[in-house]
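**Q** The sequence and its predicted three-dimensional model are supplied below.
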Amino acid sequence: MASGTFAEFQAQALAEGFDEVLERSWPADAVLDAHTHPFAVKARVVRGEMWLTVGDDTRHLKVGDSFELARDVAHAERYGNIGATYWVARRN
């Protein structure tokens, strides 16, 4: 179970210097091939599951798990059979 509320996640992220905080949801079995973002991210999975691949490392993330990515880091995403929702903070 994810700990805390979205408001708590948002307040913490803003205090850490992130400037945008939102909730993202992905449909079942969605796949995003390797890509980058022009911002750093810190996120926490709050529903479903996903696999995050950076280089040769793939992490299976479930509810309550968190991940961070620096700006411009190539990664791929794959979502489980019910999709996934995560809270994400972006540092633009």
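**A** Good, I have the coordinates.

**Q** Now do stretch 62-76: everything it contacts.
**A** 1-3, 31-49, 52-55, 59, 61, 91 (Cβ atoms under 8 Å, 6 or more residues apart in numbering). To be clear about C-beta, it is placed using only N, CA and C from the backbone, and glycine gets the same treatment.

**Q** partners of the particular helix or strand that has S25 in it in the sheet?
**A** Per DSSP states H and E, S25 falls inside strand 20-26. Neighbouring strands of strand 20-26 in its sheet, by DSSP bridges, are strand 75-91 (antiparallel).

**Q** Tell me which residues of the partner strand come out buried.
**A** 75, 77-80, 83-90 (16 or more other Cβ atoms under 10 Å).

**Q** And the residues you listed, which two are furthest apart?
**A** By the measure Cβ to Cβ, G80 and R90 form the most distant pair in those, at 23.2 Å.

**Q** Tell me what the residue nearest the centre of the chain is bridged to.
**A** Compute the mean C-alpha point of the chain, and by Cα atoms, centre = their mean the closest residue is A43, 3.9 Å away. Beta bridges link A43 to F67, V88, judged by DSSP bridges.

**Q** Over to R24?
**A** Under the criterion used (DSSP bridges), R24 bridges to Y86.

**Q** let's have the chain start at 354 instead
**A** That works, and once the first residue is 354, the last one we named lands at R377.

**Q** So G357 belongs to a strand, correct?
**A** No: secondary structure of G357 (DSSP: H, G, I helix; E, B strand; the rest coil): coil, not part of a strand.

**Q** Relative to V399, how far out is it?
**A** 10 Å (Cβ to Cβ, to the nearest Å).

**Q** Compare neighbour counts for the two and give me the winner.
**A** Neighbours were counted for G357 and for V399 using other Cβ atoms under 10 Å; V399 has more, 19 against 14.

**Q** In this structure that one contacts L414, no?
**A** No: the criterion here is Cβ atoms under 8 Å, and V399 misses it with L414 at 10.8 Å.

**Q** mind listing what's buried in the strand holding S378?
**A** The neighbour-count check on strand 373-379 (16+ other Cβ under 10 Å) flags 374, 379 as buried.
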